[in-house]
Structures are given as structure tokens and as C-alpha cells.
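[1] sequence and computational prediction follow.
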Amino acid sequence: MKNHKIPHFKTREEEAKFWDTHSMVDYLGELEPVDEVFTLAPSLAEKIKERAKTRAISLRLPQWEIDGAKRVAKKVGVGYQILINTWIAEALRREAHHNRRATT
């Protein structure tokens, strides 16, 4: 997978639209560590915790798909299970975004 340059955005809305349609995995080499600390409102922190709860599932994939995910993950420097999880989350966001546009 090729690392791309993150474009410059004029507005936060423009940046949000970009990330709705692009994978952060393609831009991992461009991201910088952040040392800033911020505090969330307790109600928001609770909502985030609730959404972050995970549950283990069994997912059967052909070996060639697992091997492909491992190759891509190695190129971008993440674990293959994290990469697969990211792909699923991105596809769900795209689908939700597509469905919102279709109903408006």
C-alpha cells in the first residue's frame, strides 16, 4: 500500500469530508504524534466508553485474504487484526454516509 500526502484543508468541514472517504492507513507515514492533553465532559467520556466496548467474534476468512491483510499491515506498520478491524469500521462509515445521502 502506498503512503500518500495528506492534503491541506481550508476548513474543518472539508477535512471531515476527506476522512469520510479516505483511509487513515494510507497516510500513516504522514501522521505526527500528539502530546496535547485534553479533558472530556464526563457525559461524553461515558458515551465513548459505552461505544468502545468490544466483543470477540469468530470470523472465518480464506487464508489468501488473511495473508493479504498481513502483507498490507506489515507495509503500513500495524497488526493485521487491527487493519482488518479498521477496514470494517471504514466500510460501515462509508455505508452509513451513503445511506444518509440517499435518504436526503
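    Right, received. Where do you want to start?

[2] distance from the least confident helix or strand in the chain by mean pLDDT to the middle of the chain?
    The weakest-scoring helix or strand in the chain, judged by mean pLDDT, DSSP states H and E, is helix 42-52 (a mean of 85). Remark: helix 42-52 is offset 18 Å from the chain centroid, using CA atoms, centre = their mean, to the nearest Å.

[3] would you map the helices across the protein?
    Secondary structure of the chain (DSSP state H): helices located at 12-21, 42-52, 63-76, 80-103.

[4] adding distance to K5 and mean neighbour count, write these out as CSV.
    Bear in mind the C-beta positions are built from the backbone N, C-alpha and C, glycine included. Formatted as CSV, these follow (distance: least, CB to CB, whole Å; neighbours: other CB atoms under 10 Å):
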stretch, distance to K5, mean neighbour count
helix 12-21, 12, 11
helix 42-52, 30, 9
helix 63-76, 15, 14
helix 80-103, 19, 12
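
[5] what's the closest of these to E30?
    helix 63-76 (11.6 Å; CB to CB).

[6] alpha carbons of the closest one, as PDB, please.
    The C-alpha coordinates for helix 63-76 follow below in PDB (Å, rounded to 0.1, in the frame of the first residue of the first chain):
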ATOM      1  CA  GLN A  63      -6.200 -18.000   4.000                       C
ATOM      2  CA  TRP A  64      -5.300 -15.800   1.000                       C
ATOM      3  CA  GLU A  65      -7.300 -12.900   2.400                       C
ATOM      4  CA  ILE A  66      -5.500 -13.300   5.800                       C
ATOM      5  CA  ASP A  67      -2.100 -13.400   4.000                       C
ATOM      6  CA  GLY A  68      -3.000 -10.300   2.000                       C
ATOM      7  CA  ALA A  69      -4.100  -8.400   5.100                       C
ATOM      8  CA  LYS A  70      -0.800  -9.400   6.800                       C
ATOM      9  CA  ARG A  71       1.200  -8.100   3.900                       C
ATOM     10  CA  VAL A  72      -0.600  -4.800   3.800                       C
ATOM     11  CA  ALA A  73      -0.400  -4.500   7.600                       C
ATOM     12  CA  LYS A  74       3.400  -5.100   7.600                       C
ATOM     13  CA  LYS A  75       3.800  -2.400   4.900                       C
ATOM     14  CA  VAL A  76       1.900   0.200   7.000                       C
END
